[in-house]
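S.K.: Need the 3D shape of this:
(3 chains)
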Amino acid sequence: MNAKRIKRRKLKRPGPGKIIVSVILVIYSFLAIFLIGNTILSSFKTKSDLINNTIGWPREFTLENFRIVLVDDGFLRCLFNSVFLVGISLLLLIAVSSMTAYGLAQYRFKGRAALQTYFLVGLMFPIQLGILPLYIMLSRAHLTNNLFGLALIYTANMSFPVFVFTKFFNELPIEVIESARVDGAGEFQIFGRIIAPISKPVIATVALLNFVTIWNDFYMPLVFLTKSSVKTLTLGVYTYTANFLANWNKVFAAATVALIPVIIVYLLFSDQIVAGLTGGAVKG
Amino acid sequence: MRQSFAYFCLERRMPVRKKKAYIGFIAPGFIIYTILMIVPIACAVYFSFFEWSGIGPMKFAGLDNFKKLFFDARMSKIFFNALKNNIKYLVCVLLIITPLQIFFAYMIYIKIPCHKYIRMMLFLPYVISTSIVGFFAIIMLDPNIGVGNSIIGALFGNKAKLAWLGDPAMVFKIFVMVVIWQCIGSGMMIFYADMQEIPSEIIEASIIDGAGGWTRFSKVVFPSLSASFSTNITLSVIYALTMFDIPYILVGPQGGVNNKIDFVNMVFYRYAFGGTYFGETSIGFGSSISVTMFIIILTFSFVTRKLLKGRAGREDRG
Amino acid sequence: MKKKIVSLLMCAAVVSGLLAANVQASAGEDAAIEGKLVIWEHTAQFEQPLKEVIAGFNEKYPNVEVEYEIKTADQYYNLLQTAMQAGEAPDLFWTNGTATTNMEAYVKQGRLMDLTDKVDFSLFDGTNAMSLVEVDGRVYASPTAEVGGRAVFYNKDIFKELGIEVPGTFSEFEAALEKINEADYLPISFSASDPWTILFQFEPVLAATALDWLNEYLDTGEVKVNDPRVVAAYEKMLEWADKGYYGPGYTGVDGSGALLAFSKGEAAMCIDGTWNIQTIQENNPELNFGAFQIPTEDGTRPFVGTSSVGFSVSSDTQNEEAALAFVNYFASLEGQTAWIKALDSIPCTTKIVSDNEVINEIAQYDVQTESYYSILGYLEADGESPRNVWEEDQTKVFSGGLTPQEFTDSLEALTK
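M.R.: A predicted model of the protein is given here:
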């Protein structure tokens, strides 16, 4: 009781040191707000406004840039493709990598440590290096220009998710699993009915981090999605940024279209990141 | 796959067999990962022994590619300069970025004013694609039209304006700052999460004991971060040695002014795929760069693992 | 008056009737060619011209479906070779011709169709465009009529405000720089962080200060690339840098940052490739700018320009007839007129007339001369290419990593 009161008092009256740090960090955060805000504001500017007023409030708001980008240049299609690609990739990636990590974390078998290292190898090579054999394999399987085919590649890039899931599953209280085993539940039942639900936070974390990676990826779509019917947002943005100066009113609108969804997803799920990494749910 | 799944479902009632279930869990991941990740890498290792542009007949070259990388007067200079930068960056990670991450995490943990907002904002840049970050860099750092020089110009006059990324003495520092701005959030969150795990009784006990802020941090909070330490260090070592995106968007593939932020992966990129218009591609030689780097990363990972284990071991004994 | 209009209308009707008949006839003829073509281009800068050419082509060949894909310059050859290796090479694709080693390598491996006698290249007669697409006397790609030149773009308003005329001699040019600098404008927005933007300024400076060196090369085919006159041209640029003509932080300016500063009206000049004219005009339609060539001391205006390459045909193409029809259209006056107009660039032949004022200003030069980068290519020995070393090290001359002498010496060491 006593201790609790002390703690609360401490929290209620922050010392000067804390306030200084807080003020500095809040000021620092204005940098991100400025940069993102300026991008969004610029997307509403006319071309001549952009030239004379690159940084600042638009003199007149126009939706023309968005109309050109979304309607004339087919960004809606790109938006749909990106959403679809991210969706199936995350589904596959999380299902496969969480199972793999569970196997690596919860079972003791010969070669386990080696296998854990094996799954880390993917982080140590530049992905561009393997592109030639990868392309040949996918084109033989008729999976180029196919969102599902690319989703398979993203799934194979599972080193980081397996790493995070393994860390999480290592910490799982063994009693929960043991008691389920005593109750006669099968291993896959245990995983599906007990482990998956308590892993929600870590799943959310992995999903969010990979959402960001896949959503922003440029290189893989460039190689594997060449037809305009399967173009993703990053490829769409590139057609403007490649000649950035000539298209710069469109660049801002396109960047805004690509930026807003990922920021919204982040704001909605940012609390989940911490929860997922703490594994607080496991205890609860 | 389906067969093995059914097999384990059937066998689930037999307790002895249960242990084999790991095969069913790992197999799908193992197969996809091996085919689409390891096989391409293995091909690259194979290519590294050939003189090959990426097309046409391959000429077996033995270790010539590696010899060129290490001993060619010109090439070895480029390679070791890049490797030096990778290691310099790794040192920055360990001495600056990781401590900052712990500091920010601790500030949020002790709930400084606006901590929720600060937590959100520190992580936010991480979700922005690097190509947009590259554009932000122009807005801020371009010597002619950037915000940085406008401010300096207004305060101290035109003569005080800086070259920013064009200044050999500044470019590495700016690069580290951009990394901090964009990427500090992820590691910070891992530390913060670990701090959350510290049982509140321990903290309360330390308060009763009258431990001050610093003592509490160094005696109670810091020691309990070993799990996130090993996670963060393992990942940081790998990221530091495969650094590519941020220097590339800041200065392009040439490695910046006097190659001050040239990294091994950028050397690989230049030599494997050729320059922007000078298109001499050399997949064989490029592969040898990556294979060399792979061995270096494995060595570093192994050493850090040993060191972290040693640390943990001492703590156990203590 | 009324009568006149009526007769005009009648005339128009007759003409359009004729035209319609004509189009039908030609469509009838060419509808026989059908199928699908895939074209690869290496950067989005050429997307619009390519679109225009395809549109014109489809009017003639309505039954050929043409699809194009834009790659990135950095990765282009890697992507192309990956596709070739997988047996999925596009029907038509860009290469940089003999300017780089790639096209020759593809020719040796039989990946490219020999276009000699299959395509009518008469549009390029009397130009040196064909030299870029020939290997051992056989043609493996269509050139374009575009001459990629270098020019000084200048802000007419700033020049007028300071009372500066377009310079007639090199010292007048330097005097103008000094005057602009004193007036606290940025004389030249320059990016020394990228080897290519350096080249596009260095070559005109070299041509203005050492035209005799370039002529020596054109006459004898033999020069030293580390000649004192070459070194002096670099020293001249460094001198300008020291005087502040490039602004305080020019080593940190990004290529598009340099153009942006000019198109925002913050710099009096920008020395860069002529293919940027359209970009500047689109970026700021209100900018009042013109172009000139840096003159030599005796008033000669030299022009450094290089030809450029269009498309090669893959020898694996499933649709040879349509592919050849496309190249033929691309190399025709009609195709190249569409290409040049959409690109707003300088044509290599007087048969194509631009309606862009800035381009016509650039076309007022006295002699066309050779590019330093091209000379490095012509003189290169076996082994490592000096062009590769050039691309690696060029920026160091301005950031203090190498002196001009050291830099050109290292290039000379790799030539014949």
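S.K.: Close to chain C: what parts of the stretch 151-300 of chain B are there?
M.R.: Applying CB under 8 Å from any CB of the partner chain, we find that the stretch 151-300 of chain B lies next to chain C at B:158-159, B:161-168, B:171, B:251-254, B:256-259, B:269-270, B:272-281. Just so you know, the C-beta spots here come from the backbone N, C-alpha and C atoms, and that holds for glycine as well.
S.K.: And whatever residue of chain A ends up closest to chain C, its phi and psi?
M.R.: Using CB to the nearest CB, the closest approach of chain A to chain C is made by residue A:242 at 3.4 Å. Backbone geometry at residue A:242, expressed as degrees, to the nearest 10, gives phi -60, psi -40.
S.K.: Number of residues surrounding the closest residue to it other than its chain neighbours?
M.R.: Of all residues not flanking residue A:242 in the chain, residue C:44 sits nearest, at 3.4 Å (CB to CB, 6 or more residues apart in numbering or on different chains). Residue C:44: 21 surrounding residues under other CB atoms under 10 Å in any protein chain shown.
S.K.: Would you mind confirming that residue C:44 makes contact with residue C:71?
M.R.: No. Using CB atoms under 8 Å, residue C:44 is not in contact with residue C:71; the gap is 9.1 Å.
S.K.: how about the strands of the stretch 101-250 of chain C, start to end?
M.R.: Per DSSP state E, counting those that start in this stretch, the stretch 101-250 of chain C carries strands over the ranges C:134-135, C:138-139, C:143-155, C:186-188.
S.K.: so can I have CSV of those showing mean neighbour count?
M.R.: Listed next are the strands of the stretch 101-250 of chain C as CSV, based on neighbours: other CB atoms under 10 Å in any protein chain shown:
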stretch, mean neighbour count
strand C:134-135, 18
strand C:138-139, 18
strand C:143-155, 25
strand C:186-188, 25
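S.K.: Among the residues of the stretch 151-300 of chain B next to chain C, which ones are in strands?
M.R.: Using DSSP state E, no member of those falls within strands.
S.K.: out of these, who's near chain A?
M.R.: Residues of these in contact with chain A (CB under 8 Å from any CB): B:269, B:272, B:273.
S.K.: you'd agree the first one is up against residue A:128?
M.R.: Yes. Under the criterion of CB under 8 Å, residue B:269 makes contact with residue A:128 at 7.0 Å.
S.K.: Contacts for stretch C:95-107, please.
M.R.: B:53, B:55-56, B:274, B:277-281, C:77, C:80, C:84, C:112, C:131-135, C:138, C:140-141, C:143, C:306, C:309, C:312, C:374, C:377, C:385 (CB atoms under 8 Å, 6 or more residues apart in numbering or on different chains).
S.K.: so where's the chain shaky on pLDDT?
M.R.: By default, I'm working from chain A. Within chain A, the stretches with pLDDT under 70 are A:1-14, A:273-284.
S.K.: look at chain C instead
M.R.: When residues are selected by pLDDT under 70, those of chain C lie in C:1-29.
S.K.: domains for it, by residue range?
M.R.: For chain C, the structural domains run C:32-147+C:307-347, C:148-306+C:357-412, going by automatic domain parsing.
S.K.: The ones you listed into a markdown table, with extra columns for distance to residue A:260?
M.R.: As requested, the domains of chain C are exported to a markdown table (distance: least, CB to CB, whole Å):
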| stretch | distance to residue A:260 |
| --- | --- |
| domain C:32-147+C:307-347 | 23 |
| domain C:148-306+C:357-412 | 24 |
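S.K.: for the ones you listed, which one sits closest to residue B:300?
M.R.: Closest to residue B:300 of those, according to CB to CB: domain C:148-306+C:357-412, at 27.1 Å.
S.K.: What's the separation between the residue of the stretch 301-416 of chain C found nearest chain A and residue C:146?
M.R.: At 10.4 Å from chain A, residue C:344 is the closest residue in the stretch 301-416 of chain C, using CB to the nearest CB. Relative to residue C:146, residue C:344 is positioned 10 Å away (CB to CB, to the nearest Å).
S.K.: Likewise for residue C:278?
M.R.: Between residue C:278 and residue C:146 the computed distance is 12 Å (CB to CB).
S.K.: For the residue positioned nearest the centre of chain B, give me its contacts.
M.R.: The residue lying closest to the centre of chain B (CA atoms, centre = their mean) is residue B:239, at 1.8 Å. Contacts for residue B:239 (CB under 8 Å, 6+ apart) come out as none.
S.K.: Now do it against chain C, distance only.
M.R.: To chain C, residue B:239 is 22 Å away according to CB to the nearest CB, to the nearest Å.
S.K.: element containing that residue?
M.R.: If you go by DSSP states H and E, residue B:239 is part of helix B:226-241.
S.K.: Please report phi then psi for residue A:53.
M.R.: phi -140, psi 50.
S.K.: residues touching the closest residue to chain A within chain C, list them.
M.R.: Going by CB to the nearest CB, chain A is nearest to residue C:44 of chain C, at 3.4 Å. With contact taken as CB under 8 Å, 6+ apart, residue C:44 is in contact with A:238, A:239, A:240, A:242, A:243, C:70.
S.K.: quick one: which two of those are the most distant?
M.R.: Most distant of the contacts of residue C:44, by CB to CB, are A:240 and C:70, 11.4 Å apart.
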